[in-house]
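Student: Take a look and give me a structure for this.
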Amino acid sequence: MKSFVSKKRSGFTLIELLAVITIIVILAGIVVGGLKFAQERQARDKAKLQVSLIGKALEEYKLDNGAYPVANSATGAGQSNMLYKALYWDGASDTTKTKKIYVPELDPATTKQGWIEGTGQNATIKDPWGSEYRYRTGTSAVNPDFDFWSVGKDGKTSTSTTTPDNKDTRDDLRNF
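Tutor: Residues are numbered from 1 along each chain as shown. Down below sits the predicted model:
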């Protein structure tokens, strides 16, 4: 009598392969989610640093000139070009060297911050999400001195000085 010996093939079953692929996909999702969180945190930290840097430069500007640069908008919108001129451009373009550069990091040719858009006196200061920083002074400001802020990731902010905390300002990074 002949006996049949069954040969077992070595290898992975379809179920085992699907289990491994599922585990890899789950791990990849966790890594991608973690990277996104890290990038968002890095952008927030960068914006905080920039708000602090500009705030200190504005204080130094006031010490030298007796007043803060005058904001022409109660909403703070469209003022980053005016700040760029006051804190960098006026000093950089001054051939007599009597004006001071308050924030050398605003030099579009050498900055690694990526926060300057445009060239020359038409440049604007942008936050890490690509929106212009906001600035206001005087009676339209929440602070007695000046308000300087980023509108955050959502690009929305409140223009009201009486209710600065609402859903549009939750992700704003500000000095007030």
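Student: lowest average confidence, helix or strand, in the chain?
Tutor: Ranked by mean pLDDT, DSSP states H and E, the weakest helix or strand in the chain is strand 173-174, scoring a mean of 75.
Student: how about the residue nearest to the spatial centre of the chain, phi and psi?
Tutor: The structure's the chain has its C-alpha centroid closest to residue 128; by Cα atoms, centre = their mean the separation is 2.6 Å. Here is the backbone geometry of residue 128 (degrees, to the nearest 10): phi -60, psi -20.
Student: Ok, residue 41 next?
Tutor: Per degrees, to the nearest 10, the backbone of residue 41 is at phi -60, psi -40.
Student: Enumerate every residue touching it.
Tutor: By Cβ atoms under 8 Å, 6 or more residues apart in numbering, the contact list for residue 41 is empty. Glycine gets a C-beta too; all of them are placed from N, C-alpha and C.
Student: Same question for residue 91.
Tutor: 99, 100, 101, 102.
Student: quick check, residue 40 in a helix?
Tutor: Yes. Per DSSP: H, G, I helix; E, B strand; the rest coil, residue 40 lies within a helix segment.
Student: is it true that it touches residue 153?
Tutor: Yes. Using Cβ atoms under 8 Å as the test, residue 40 is close enough to residue 153 to be in contact (7.2 Å).
Student: Which of the three states applies to residue 148?
Tutor: Going by three-state DSSP: residue 148 is strand.
Student: Strands of the protein, residue ranges please.
Tutor: Using DSSP state E, the strands found in the chain span residues 116-117, 124-125, 134-137, 146-150, 173-174.
Student: can you put the ones you listed in TSV and add distance to residue 10 and mean neighbour count?
Tutor: Converted to TSV, these look like this (distance: least, Cβ to Cβ, whole Å; neighbours: other Cβ atoms under 10 Å):
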stretch	distance to residue 10	mean neighbour count
strand 116-117	61	18
strand 124-125	64	22
strand 134-137	67	24
strand 146-150	60	25
strand 173-174	59	22
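Student: which stretch among the ones you listed comes nearest residue 82?
Tutor: Each of those has some distance to residue 82 by Cβ to Cβ; the shortest is strand 134-137, at 7.5 Å.
Student: now the closest one, how far from the centre of its chain.
Tutor: 17 Å (Cα atoms, centre = their mean, to the nearest Å).
Student: contacting residues around the closest residue to the residue nearest to the centre of the chain other than its chain neighbours?
Tutor: Nearest residue to residue 128 in three dimensions, chain neighbours excluded: residue 43, at 3.9 Å (Cβ to Cβ, 6 or more residues apart in numbering). Residues near residue 43 by Cβ under 8 Å, 6+ apart: 128, 129, 153.
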